[in-house]
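Peer 1: need a 3D model of the sequence below.
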Amino acid sequence: MNGLRRWLETAAAWRAASLMFALPTPAVQDELCRLCETMPGDLAVTPRKFAGIAVEDWEEEYHRVLGAGGCAACESSYEENALAGRGPVLAGIAGYYQAFSYHPENPGSETPDHLSIETGFLAYLAMKVAFADQAQRGDEKAVALEAYDKFRDEHPRHWLPRFCEELSPYDSPLFSSAAQWVLFLTLPVKTHS
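Peer 2: Below is the predicted model of the structure:
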């Protein structure tokens, strides 16, 4: 598979991850359905579960599992020293977003370290890699690739295993499978093509 296609599929997968952990709305579900059509069949299995349920059911499960009193879907909640660690974590993440001019569509709805925002940023970086690859801008591609690898490894890949463990008692096959799927996306692969 050529590099451009792989990066577009990677961007679609990360965007799907972002949508699965966002507050469900009909617009979110519509976008997820469209993304499923662009992803390879095996990669689209988990997102299709979300795309195929009623928005009301998805929303109810979202609030039960990830809402107030539920399982925290924010990186800073998994810091060893939560009180002293949140500021630097949030500042580091905000620095990435600022450096790459990333502005989530609903900036007030979730914290910068929420799983839906972090995975949205990885989708954004993957699109930057694809665009630079297509435009034959080697320096821009190298910068985006380095940021992609570093952000993926230092942020979602770092805290998702613990999130998956914390999610287990909520007995949510929907969100448990989604969290495992996102964890799979964080596995390092050779991204430099």
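Peer 1: centre of the chain to stretch 177-185, how far?
Peer 2: 10 Å (CA atoms, centre = their mean, to the nearest Å).
Peer 1: is the residue nearest the centre of the chain in a helix, a strand, or coil?
Peer 2: Centroid-nearest residue in the chain, with CA atoms, centre = their mean: Thr119, separated by 1.9 Å. Three-state call for Thr119 (DSSP: H, G, I helix; E, B strand; the rest coil): helix.
Peer 1: you'd agree it is up against Arg157?
Peer 2: No: the pair Thr119 and Arg157 does not pass the contact test of CB atoms under 8 Å, sitting 11.3 Å apart. C-beta: built from backbone N, CA, C; applies to glycine.
Peer 1: could I get the full set of helices for the protein?
Peer 2: For the chain, helices defined by DSSP state H occupy the ranges 3-20, 26-38, 45-51, 55-66, 82-99, 115-134, 138-154, 156-167, 173-185.
Peer 1: by mean pLDDT, show me the worst of the ones you listed.
Peer 2: For the helices of the chain, mean pLDDT drops lowest on helix 82-99, to a mean of 84.
Peer 1: show me what contacts Cys36?
Peer 2: Listed by CB atoms under 8 Å, 6 or more residues apart in numbering, the contact set of Cys36 reads 16, 44, 47-48, 51.
Peer 1: ok, and the closest non-adjacent residue to it?
Peer 2: Ala44 (4.5 Å; CB to CB, 6 or more residues apart in numbering).
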